[in-house]
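Visitor: Model the following, please.
(one chain, ligands or ions: 2)
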Amino acid sequence: MTSTTWEAAREFVWSAGRSRPLGAEPVPVDLADGRRLAAAAHALVDLPTVDVSAMDGWAVAGAGPWRLDGTVVMGAPPARPLRVGTARIITTGAAVPPGAVAVLRAEHGDLLAEGPGWLRPTAPAPQAGRDIRRRGEELRRGEPLIPAGARMTPPRLALAAAAGHDVLEVLAEPRVELIVTGDEVVAAGRPAAGAVRDAFGPSLPSLFERLGARTSTRRIPDRLDPFIELLSEARPDLLVTTGGTAGGHGDLLRRAIIAEGGTIDVAGVGMRPGHPVLFARTSAGVPVLGLPGNPLAAFTCLLSFFPPWLDGASGQPITVLDEVAAHDLAATGLQRRLAPFTWRAGRAVASPWVGSAMLRGIADADGLLASPVADGEPARVVPLPW
Ligand SMILES: Nc1nc2c(c(=O)[nH]1)N[C@H]1C(S)=C(S)[C@@H](COP(=O)(O)OP(=O)(O)OC[C@H]3O[C@@H](n4cnc5c(N)ncnc54)[C@H](O)[C@@H]3O)O[C@H]1N2
Ligand code: MOO
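Guide: Ligands and ions are numbered 1, 2, ... in the order given. Presented below is the predicted three-dimensional model:
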C-alpha cells in the first residue's frame, strides 16, 4: 500500500486496465457511435469503386463539338465505351464510360441550335482527366481505414459504411458498478440542515456513459458488513465507490476491502483536491476506484483516473494530455493541483471555486488544469467529456 504521484497513479490505473482487457462484440455500423474498434477496420472496396464524374455535365471523348449519344445511368457500372467525337450526359457520382477523356461541366457547354444532338464547349476544352474522380483515389481495397481502439464518431461511421462495412467489431462497453456511501447523503429533495444531497447518483452514470461505460448504481449504509458483502459479490469490470476514503465513516472503505480479503494498491495520491483517492482489488480481482466524498475531489479523481484505466482495458497507450503554456496556476512541485478552468483569449484561467467540496467551478469549466512542477512550465489539460 503506497501513496504516489498523480502521474504514477495514472500509469498504475492504465496498467491495471491492461491486465484485464475488455472483450469484443460485433455491432451494426449504425449502432456503433461512441464505441471503440476492437480491431482496425480496412476498406472492403476501392473508393470510389470506379472512375466517376465529379460534376454534372457531359462525359466527352476527343475535341468538341461532340455528337450527343445518350445519358449515363446513375448507380450502374461503367457502360458501353464512348467514341471519339461523342459526348454523354452524366451526373455527379455516375460512372464515367470507358473512352471518356474528361467531363465537361454543364455550365461550360451549349447544345447547338442547329441540331439538338450536338454539343460545343463555351470555355476552353477540358484537359484530359478533368472532373473525373479516379477509382481508388481516396482508398484502395484492403487499405487501413480506422485504427484499432479508435472511438467511432459520425464521420467515422460514414467512412466505414462508404467503404462497405455493415458490422464492426467493437470493444465491449465496460460495466461500472457505482456504490454511493454516506448516511448523511439524501437521494432527493432539498437537503435538511446538516444533510447533504447526493451529487453523484444523478451525475456519475451520465459521466461514465460519456466516457463509454455502462453504470449500475447502488447506495449502501455506512456499515462494514453490507460493504464487505457487496465487495465479495461484485463482478463488474470496475467498481467505483464514493466517500469513506479518508477519516470519515471510520475509514469504511479501507477496512471493508481488507476484511473482504482484497488488496489496496494505492492509498492516496499527490493531488488536491482528491488526495485520499484509492485503488484496490477485491479478493476476486475486481479493480476498485475509491473516489473521495467531496464532490470536486470525486470529479477530479474520476477524470484523472477513469480515462487511463479505459485506455489500458482497451489495449491503447495512455492518452497524452495537452500542455498549455498560457495559464495562471502556480507551480506546486509534485503535488498536483487540479483546478477547473475556462479559456479566455487563449489563456487558461483557473476558477475561484476550487475547494474540494465545491461544484460551481467545474459546472462552468472548459477543463481541469493540472499544475506544473516548476514555475514557468506548462500546465496540463485534463479534458471534460462534454
Ligand atoms: N482526518 C482527515 N480528514 C479528512 C482528510 C484527511 O486526510 N484526514 N481528507 C479530506 C479530504 S482532502 C477529502 S477529499 C475528504 C474525503 O472524504 P471521504 O472520501 O472520506 O468522504 P466522506 O467523509 O464520506 O465525505 C466527505 C464530504 O463529502 C460529502 N459527500 C459524500 N458523499 C457525497 C455525495 N454522494 N454527494 C454529495 N456530497 C457527498 C460528505 O457529506 C462530506 O461533506 O476528507 C477530508 N477529511
Ligand atoms: O485532497 Mo482534498 O480533496 O484537498 O480536499
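Visitor: neighbours around Phe299, how many?
Guide: Neighbourhood size, Phe299 [other Cβ atoms under 10 Å]: 29. For glycine as for every other residue, the C-beta is placed from the backbone atoms N, C-alpha and C.
Visitor: do the same with Thr217
Guide: 17.
Visitor: what's the distance between it and ligand 2?
Guide: Between Thr217 and ligand 2 the distance, using Cβ to the nearest ligand atom, to the nearest Å, works out to 22 Å.
Visitor: Now that residue: closest residue in space, sequence neighbours ignored.
Guide: Sequence neighbours aside, Leu178 is the residue nearest to Thr217 in space, at 4.5 Å (criterion: Cβ to Cβ, 6 or more residues apart in numbering).
Visitor: State the phi and psi torsions of Glu7.
Guide: With angles defined as degrees, to the nearest 10, Glu7 sits at phi -60, psi -50.
Visitor: Does Leu253 touch Leu278 like I think?
Guide: Yes - using Cβ atoms under 8 Å, Leu253 makes contact with Leu278 at a distance of 6.5 Å.
Visitor: list the contacts for the residue nearest to Thr217?
Guide: Counting by Cβ atoms under 8 Å, 6 or more residues apart in numbering, Leu178 touches Phe200, Gly201, Leu204, Pro205, Phe208, Thr215, Ser216, Thr217, Arg218, Val240, Thr241, Thr242.
Visitor: can you do 7 Å?
Guide: Leu204, Pro205, Thr215, Thr217, Val240 (Cβ atoms under 7 Å, 6 or more residues apart in numbering).
Visitor: what helix or strand does the last one sit in?
Guide: So that's Val240. According to DSSP states H and E, Val240 maps onto strand 238-242.
Visitor: ditto for the third one
Guide: The secondary structure element spanning Thr215 is strand 214-219 (assigned by DSSP H and E).
Visitor: Pull out the buried residues from that strand.
Guide: Thr215, Thr217, Arg219 (16 or more other Cβ atoms under 10 Å).
Visitor: What of stretch 13-23?
Guide: Val13, Trp14, Ala16, Gly17, Arg18, Arg20, Leu22.
Visitor: Need the contact partners of that stretch.
Guide: 171-172, 174, 237, 279, 287, 305, 308-315, 318.
Visitor: Out of these, the closest to ligand 2 would be?
Guide: Phe305 (13.7 Å; Cβ to the nearest ligand atom).
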